[in-house]
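Novice: Model the structure of this input:
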Amino acid sequence: MHILITGGTGFIGQAFINTFQSDYDFTVLTRNISTAKRTFAHIPSHNIKFISQLHELPSELHVDAVINLAGSPIMDKMWSDKHKHVLESSRWEMTQQLVDLISTKKITPEVFISGSAIGIYGRQGDQAIDEQHPKYHPEYSSHLCENWEKIARTACPLTRTAIMRTGIVLAKDKGALQKMALPFKFGLGGPIGQGKQYMSWIHIDDMVSAINYLLQSKSLSGTFNLTAPNAVTNREFSTKLAACFNKKARLTTPTLVLRLLLGERADLIIYGQRVIPTHLIDSGFKFKYDTLDQALSAIYA
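Specialist: Down below sits the predicted model:
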């Protein structure tokens with residue numbers, strides 16, 4: 001199977017390619033080919049190719065699957081109008097380009113797997129929600145993801161399409177934990193505000209396994225929450241993360257301070273969603289790390 005992957009040099013993309021480097025061949029769309037080649041120098045050149053523009057795809061290449069993980073990091077910069085345009089264009093325009101390739105039959109993949117995030121639900125309090133939840137809270141993250149998914153769904157009549165609503169992906173020294181863990185290592189970590197907001201997480205191993213499951217399961221299409229079955233409150237998450245470093249989660253970060261530091265981005269941390277991966281579970285997918293204890297124990301073993 002030959003996979004065209006966007007966002008392949010990102011955290012999740014790298015993990016997927018490294019995990020399945022012996023199973024698939026890859027064409028990676030990347031802005032910096034020289035850096036990408038160094039990142040994947042351990043993979044034989046006949047198993048992985050790199051392009052900087054979609055029009056560089058060889059006409060004779062048959063693409064069996066497309067995995068669309070492209071998107072500028074959402075927490076790296078303040079959400080100014082200028083940066084919101086970057087967040088939107090990196091998701092919406094890339095997805096549209098891929099759909100255009102499929103609709104014009106320049107590529108004819110058997111499956112199109114496209115990214116999204118649980119941010120589409122917006123703030124939902126402590127209510128348990130799954131893919132059937134009918135009402136999204138109107139805020140920026142919801143707007144960003146809703147339009148992203150709308151574009152991806154236009155590929156549905158043309159090929160099997162699966163949309164991944166990803167939660168907080170956990171791995172040691174990468175992704176969210178790379179920034180979150182540092183204060184906890186020094187005993188300075190703790191909950192945000194009252195810590196009642198829910199955090200819906202997934203271990204990186206389950207994340208890449210779920211992507212592969214969607215890739216291989218020919219009967220699956222539609223929307224899938226990529227989160228572990230057991231979301232936890234921010235307070236519980238803080239307590240368990242601190243315990244990994246033999247510390248206590250004593251300090252609380254006031255929401256006002258977070259807003260001053262992060263601006264509108266703080267909403268993603270101050271509020272949360274208690275997300276259930278109903279479609280994955282009902283389809284038969286088995287999580288390796290069902291609970292946060294299992295996930296953190298594996299990461300900080």
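Novice: residues near Val257, how many?
Specialist: Number of residues near Val257 (other C-beta atoms under 10 Å) recorded here: 13. Yep, even glycine has a C-beta here, placed from its N, CA and C like the rest.
Novice: Can you say which helix or strand has it in it?
Specialist: helix 255-262 (DSSP states H and E).
Novice: Just the CA trace of that helix, in CSV.
Specialist: Presented in CSV, the C-alpha positions along helix 255-262 are these (Å, rounded to 0.1, in the frame of the first residue of the first chain):
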residue,chain,number,x,y,z
THR,A,255,-7.7,31.2,35.0
LEU,A,256,-7.1,34.9,34.9
VAL,A,257,-3.3,34.4,34.7
LEU,A,258,-3.8,31.8,31.9
ARG,A,259,-5.9,34.3,30.0
LEU,A,260,-3.3,37.0,30.3
LEU,A,261,-0.6,34.6,29.1
LEU,A,262,-2.5,32.8,26.3
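Novice: Can you list the helices and strands that that helix packs against?
Specialist: Contact here means 3 or more C-beta pairs under 8 Å, 6 or more residues apart in numbering; DSSP states H and E; on that basis helix 255-262 packs against helix 267-270.
Novice: What lies in contact with the helix it packs on?
Specialist: Contacts to helix 267-270, defined as C-beta atoms under 8 Å, 6 or more residues apart in numbering, come from residues 74-75, 119, 123, 139-141, 192-193, 197, 255, 258-259, 262.
Novice: Can you show me the helices along this protein?
Specialist: Counting by DSSP state H, the segments of the chain that form helices are 11-19, 33-39, 81-103, 140-153, 175-185, 204-216, 234-244, 255-262, 267-270, 278-283, 292-299.
Novice: need those helices in CSV with distance to Ile5, can you?
Specialist: Compiled in CSV, these are given as follows (distance: least, C-beta to C-beta, whole Å):
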stretch, distance to Ile5
helix 11-19, 6
helix 33-39, 11
helix 81-103, 11
helix 140-153, 15
helix 175-185, 18
helix 204-216, 10
helix 234-244, 30
helix 255-262, 30
helix 267-270, 25
helix 278-283, 21
helix 292-299, 24
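Novice: how about the ones you listed, which one is nearest Met164?
Specialist: Nearest to Met164 among those is helix 204-216; the distance by C-beta to C-beta comes to 7.0 Å.
Novice: returning to what we had before: which parts of the helix holding Val257 are buried?
Specialist: Neighbour counts over helix 255-262 (16 or more other C-beta atoms under 10 Å) mark Thr255, Leu258, Leu262 as buried.
Novice: centre of the chain versus it, how much separation?
Specialist: Relative to the chain's own centre, helix 255-262 is displaced by 24 Å; criterion: C-alpha atoms, centre = their mean, to the nearest Å.
Novice: Point out where the stretch 201-301 of the chain drops to low pLDDT.
Specialist: In the predicted model of the stretch 201-301 of the chain, no residue satisfies pLDDT under 70.
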